[in-house]
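Output the structure for:
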Amino acid sequence: MASKTNLSVVVDIGTAKMVAMAGVATAEGKMEILAVAQVPSAGIKRGLIFNLADATEALTAVLEQLDQQLEEEIDVVDIACAGKHMHTIDYKATRFTGDGGVVTNLDIDELYNEAKSLKIKGDYRIIKVIPTSFIIDDEIEELKPVGATGRKIEARYKLVIMPDRDYQILNRVLESVGVQLGEVYHSSLALAEAALSKPEKEMGAVVLDIGAGTTNLAIYYDNALIHTAVIPFAGAVITNDLKAGCSTFMEKAELLKVRYGQALGDQIKSEDTVTIAKNNGWEPKEITIRSLAYIIQARLEEIVDCVVTEIEKSGVEDRLGTGVVLAGGTSNLGHIITLVKFHTGLDARKAHPVILPVNRRDEVKNPELLTALGALKLSLTKNVAEERILPEPKQSKPGRGLMTNVKGALQSAINFFGDDNEDLELN
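All right, here's what the predicted structure looks like:
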């Protein structure tokens, strides 16, 4: 069994479900999954906790399931989530090199700390600082600038921010469960780690997660994060439309969507009908599958139009050579790929893991586990990005989700959790 310093535990908190995953980086630098659990969510609305008691109960349940599969107590948990106010902002920091005119670890460390210490208006907090590029003397761009010659360094960062109030609520729920809150990851970035390869990020791609309460997206180009957004409606509003359109209960509307839902009405040529049973003496009703599809299509087009707006905001809409990678429960609707292609003008595919652990490979291919899988990778390698920029290892704070032995387990993991996600597919 792995030591506490090598064990990471993550929970993907969604509106419909909570997925927990625990794993380690092995001595050979491979990802090993030790436990997986999943429960229906409670107390979550549009990606945010609105009922602390219900959310605490659901989180307790999923961690208890995880704990039964582990030989150690869970004491630190990293969270993947995407509330409607979580987003990214750009920041530039500038510094001049010393007398030698060479970029040093100290230079990059100071630039990073400046970005991390930035005060955000509106009571936001920074949860992640992502270096995107370094400009040396206003003309030479470097991703690994240490050792480059020059006088002026401009560092460009994406800062992932969330309202401090949302963070404190999340922390309070974790404390109620009896564990410590570790890192908080934007769920779109976690999903991208699991579902986008390096070549896809380099060519330009959109990872689109149409869940129950929110539609989350992240846009990459030239192997850098360009834009993120959280659209505060998704599959649940489709269910609500079916409830109203079919005059039925919410549970039956969800069942209609899951069993018979299609994204394009014109693609359905038959006149097949579905009988909607009624209770308490009410007569059953019938609706054609085509009519169901038109109800779904109308709302999906609204969602995808919002996605198109976000793609246009990114400024790289004409350079997305790969296209859209679709995830989330709503992406299971028939013909949704065709709808997304038509409205975005981009190619599209369903999400699948581009990273695979050394064990439980068939299990983690489940699309419902993708965000948790990506979050686990981020958790196990949370300091690797800094390691590449700052070759001299730095000691992390203690905790289950953090590997404190940087020279040992973490350093050996660098070869596995490398720049190219394709390296993570173990043949």
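
Quick one, grab the pLDDT at P284.
We have a pLDDT of 82 for P284.

I'd guessed it sits against K278; true?
Yes - between P284 and K278 there is a contact under C-beta atoms under 8 Å: 5.3 Å. In short, each C-beta sits where N, CA and C put it, glycine included.

Can you list the neighbours in contact with the helix or strand in which T132 is found?
Following DSSP states H and E, one finds T132 within strand 124-136. Residues from elsewhere that reach strand 124-136 (C-beta atoms under 8 Å, 6 or more residues apart in numbering): 88, 103, 108, 112, 115-116, 118, 120, 141-143, 145, 148-150, 152-164, 167, 183-186, 189, 224-225, 385, 389.

Low-confidence ranges, the stretch 201-350 of the chain, go.
279-281 (pLDDT under 70).

And the buried ones among the contacts of strand 124-136, selectable in ChimeraX?
Under the burial definition 16 or more other C-beta atoms under 10 Å, those of those that qualify are selected in ChimeraX by:
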select :88,103,108,112,115,145,148,150,153,154,155,156,157,158,159,160,161,162,163,167,183,184,185,186,189,224,225,389
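
From the contacts of strand 124-136, which land in strands?
In this view, the contacts of strand 124-136 that belong to strands under DSSP state E are 88, 141-142, 152-163, 183-186, 224-225.

ok so, going back, P284 and K278: which is more packed in?
Ranked by neighbour count (other C-beta atoms under 10 Å), P284 and K278 place K278 first, with 14 against 9.

if I read this right, the more buried one contacts K252, doesn't it?
No - counting by C-beta under 8 Å, K278 stays clear of K252, with 9.3 Å between them.

Around S331, count how many other residues there are.
21.

if I look at T56, how far off is E310?
Computed as C-beta to C-beta, to the nearest Å, the T56 to E310 distance reads 33 Å.

Next: D12.
The gap separating D12 from E310 is 22 Å, by C-beta to C-beta.

H186 too?
Computed as C-beta to C-beta, the H186 to E310 distance reads 14 Å.

Name the residues of the helix or strand harbouring V39 that are buried.
Assigned by DSSP H and E, V39 falls within strand 31-40. Residues of strand 31-40 classed as buried by neighbour count (16+ other C-beta under 10 Å): 31-39.

And stretch 172-190, by the same measure?
Using 16+ other C-beta under 10 Å as the test for burial, stretch 172-190 gives 173-174, 177, 179, 181-190.

How about stretch 46-57?
Quick answer for stretch 46-57 (16+ other C-beta under 10 Å): 46-49, 55-57.

Sort out for me which of those residues are in strands.
Per DSSP E, those map to strands at 48-49.

ok so, going back, which one's more surrounded, D12 and E310?
Set D12 next to E310 and count neighbours by other C-beta under 10 Å: D12 wins out with 29 against 20.

what helix or strand is the more buried one on?
Assigned by DSSP H and E, D12 falls within strand 7-13.

Each with direction, which strands does that strand pair with?
Partners of strand 7-13 in the sheet, by DSSP bridges, are strand 17-25 (antiparallel), strand 76-81 (parallel).
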